[in-house]
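*Asks:* fold the following for me, if possible:
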Amino acid sequence: MGSAVITARAAATFDPVGRSVATARAFVRDTLQGWGYTDVVDDAVVLTSELVTNAVVHAGTAADVLCLRTEDGVRVEVSDHYPEREIPLQSSGLDFGSPDREGGRGLLLCAALASRWGVEYSPAHKHVWFQLDLPERPVGIRSAGPVLPTALLPVADERVRVAVVQIDGSGAIASWNEDAVFLFGYAADQVTGKQLTDFAAWPHTPGTSTGIADALRLSRWEGSYGIRGADGRVIPVYASHLRVRDTQGEPSTVCLLVRDHERAVLQTPVRPPVDSSNENRAVDPFEVFIGSPAPDDLDGLLQRTVERARDMLDADAAFLLLATDDETELEVRATTGLPSARQRFARVPVEAGTNRYSSARMPAVHEDLAAVPGAVPLLTDTGMRSVVTVPLKVEGRLTGSLGVAAEAAGRYTNEEALRLQFAADRIALAVESARLGELERLRRGSLSFLVEASDLLAGTLDRDQTLALMAQMTVPTLATWCAVYTIADQLSEPYLSYVLHEDEERIDGLKELLSSIAPPDPVPTPGARIWPAPARAGHEAALRVSTRTLGRDAPLSMGSAARTTLATAAAVGGETVVLPLVARNRVIGMLTLGKPSDEHFRQEILELAEDLSRRAALALDNARLYSERMAISQSLQRSLLPPGLPDVPNVEIEVIYRAAGEGNEVGGDFYDVFPIRDGAYGFAIGDVCGTGPEAAAVTGLARHALRLLAREGFGGPAVLERLNAAIMDEGDRSRFLTLLYGELWPQEDGSALLKVVCAGHPLPLRLRQDGSVEPAADPQPLLGVMDDLELYEQEVTLDPGDVLLCVTDGVTERREGTRMLGDDGLAEVLSVCTGLTAGAVAGRILRAVERFAAEPASDDMAILAMRVPEPQNF
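*Replies:* The predicted structure follows:
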């Protein structure tokens, strides 16, 4: 760390298991966000993920992660414990490996992303560290401007409204002045105590810019965002934040907000370049046009550019568009004098026609747009008449377009075009450099976002949870609202399965609107496509409401339903795109993303959404396949269980069955109680070798064969001998099984006669009224092993109050470490069950088994209790 002073540290150790990588990422992210180092969080998470993966997955050891905070940045150290590693020689170079390899990319990423990094070896450890420096942030500029003629002063409304909002240390609104009430429509008591984030429409892009929570912690901040008004519309504002503290030392943030077109009221003037030490220094044309210091972020640079271009040509409006990578479209990134919220990120083609005036690659002057309507789509319905546009080019490649416009016709000639082109040439390289920097930050943020999204989607096979995760990952990171349509099969129509909006109060209205229109067509073509139906339906609904309320004192007299309709229309009034969910060459649904009124998606966000949709589609299809498989399995398994227990005169019978394995309702253990003929009943409890579907198949064979043979009049030994032969006939598919089979004969004196055959099964236990417990049968050979069996049956008489308990080995072989419940433990539990009903006896045995060990049972378990009740004395 050199001479840097460590101001905080956090450390954790992660076990050598796959889930440790995600846990380590969360640890680093939480630590750095807690320190307020949000600018370097994404890079730190990506590097930590790779280095911990190398330790726990490739080296197979635990990983130690140490985060160290300094005033200038953060250092993260990752160590593993691989003792057999050879220590490199002093002269040997580091082999980064191929960037396309699945593993070993950690050092390559460190070299690309970190400010500094290093590797240290010892016989027992490999120690990799990286340093990420914080970017410098200018905080506020003081200046004074000259006296200007009235005609050159900024334009503002007749009465300028300045909203003053104070935010306490927790981010909640503490005060709200009258101008704030006028601008946004909320009374002070409606917003006081609520989080500013509930009302702010903050421009959020993964990995880029500062979040609103970060902006509120800075000592001073200036910029543009939106406030969601009481009518649901987003009002663009220009804000100036100042962090203060009261007399008790409690910090708060004072926010001054004006309408965005009145930003001159709050905007800090630019300090002119002054260098008294060298008056003959060459003047940089870029600094002359932009001013010094230049903004250090792309949005600030673009906004400064359009404002200077507007002022330079005395225009009413200006705009700047950036070209996409393939130079086929231009994306609106900054405007002044135009409705910026409506235009931001809108896209127009580079080549709009066949002549030079229709191409953004050449300068163009339109003296009167009224004569050529639609020549500049960006200016449609804005009142602008004359416009001049020039290209931004770097090394001959089109990177953008800069234009200025005026409300009067005939304002511009080729001379103004040359001046504007000269300015564009001065700033083109700086704009392209800032754009590439923003794309790099976005790429890093996107990588971190997709890594976490993949972890979340891979962590569940529940269909409903997968749908919820898809929506929650896109809102608000990628879109303001999201809807997921699913398609059950090729003949089914798309079904609206999930809807989410960043404002929970808008979800019901949004769901109702989307349900009222036809779903988007399930087109398998990859990529996002525009879906205008929601915006059109919302506009029509709002028009109907507005027509009905015409003449009233709206919105005060407007009902809640009408206000909801207007708010929903505003929520879907922006751009809506549809991305297909394609898995295994089939469209299984659509992911729909939307923006509020007049807002557009930027191309990088759509590309990120496309990557997410591919991952989400596979996760959703995996959940569907798992659900279908489980439904089929459970249906088949339920068919193997007895339909119910018969009512046996003067005998209580209770069965408890627990199958091992996730989703199994029946396994290797089975039971049955059934009538044979008048006055005779059969009962059985058995255990097939193994668990799961294979054991369940033998279970079905045994249970149905027992019923059939017993009702044909065969006695117990003959029934089991024939069942043994049927199992042996299965060949390689056969499995041995233990079985306790018996016949139950209720007697007129209140007792019950049992004829029992125990073929390799845990012996049945008889509980007498005095609390004594004894086996009720002798052990005999199990089934499915030998062809010829000679079995015999034994008679047992249950007197009133006696209990016969039959269990499978899942009960007696319940383990906790080296301890086992065993036959003696079961007999001890049964000995204290005198006087209990059959149901109570079975329940007490089950509780004893569950409490014997902390871990869930790993074997199937069946408990059959029969009791002869004592006669009632009246």
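
*Asks:* burial check on residue 817, number of neighbours?
*Replies:* Residue 817: 6 surrounding residues under other C-beta atoms under 10 Å. C-betas here are computed from N, CA, C, even on glycine.

*Asks:* quick one, grab the pLDDT at it.
*Replies:* pLDDT recorded at residue 817 is 85.

*Asks:* go on, residue 91?
*Replies:* The model's pLDDT for residue 91 equals 40.

*Asks:* surely residue 160 and residue 264 touch.
*Replies:* No - Residue 160 is not in contact with residue 264 according to C-beta atoms under 8 Å; the separation is 9.9 Å.

*Asks:* among these two, which residue is more densely surrounded?
*Replies:* The residue with more neighbours, out of residue 160 and residue 264, is residue 264; 15 against 12, by other C-beta under 10 Å.

*Asks:* spatially nearest residue to the more buried one (excluding sequence neighbours)?
*Replies:* Sequence neighbours aside, residue 154 is the residue nearest to residue 264 in space, at 3.5 Å (criterion: C-beta to C-beta, 6 or more residues apart in numbering).

*Asks:* quick check: the gap between that neighbour and residue 336.
*Replies:* Residue 154 is 11 Å from residue 336, where distance means C-beta to C-beta, to the nearest Å.

*Asks:* residue 422 now?
*Replies:* In this structure, residue 422 and residue 336 are 20 Å apart, going by C-beta to C-beta.

*Asks:* which one of these two is surrounded by more residues?
*Replies:* residue 336 (23 against 13).

*Asks:* the helix or strand hosting residue 496 pairs with which strands, parallel or anti?
*Replies:* If you go by DSSP states H and E, residue 496 is part of strand 495-501. The strands beside strand 495-501 in its sheet (DSSP bridges) come out as strand 481-486 (antiparallel).

*Asks:* buried sites along the strand it pairs with?
*Replies:* Residues of strand 481-486 classed as buried: 481-486 (neighbour count, 16 or more other C-beta atoms under 10 Å).

*Asks:* now do stretch 854-867
*Replies:* Within stretch 854-867, the residues that qualify as buried are 857, 859-867, counting by 16+ other C-beta under 10 Å.

*Asks:* now swap in stretch 642-651 and tell me
*Replies:* Within stretch 642-651, the residues that qualify as buried are 642, 648, 651, counting by 16+ other C-beta under 10 Å.

*Asks:* please identify the helix or strand for the second one.
*Replies:* It refers to residue 648. Short version: residue 648 belongs to no helix or strand, going by DSSP H and E.

*Asks:* what about the closest residue to it other than its chain neighbours, which SS state?
*Replies:* The spatially closest residue to residue 648, leaving aside those adjacent along the chain, is residue 681, at 5.5 Å (C-beta to C-beta, 6+ apart). Recorded secondary structure, residue 681: strand (DSSP: H, G, I helix; E, B strand; the rest coil).

*Asks:* residue 681: neighbour count?
*Replies:* 24.

*Asks:* downstream of the strand holding residue 496, the next helix or strand is which one?
*Replies:* That would be, after strand 495-501 and using DSSP H and E, helix 507-515.

*Asks:* same question for that next one, mean pLDDT?
*Replies:* 91.

*Asks:* in that helix, what's buried?
*Replies:* Quick answer for helix 507-515 (16+ other C-beta under 10 Å): 507, 509-511, 513-514.
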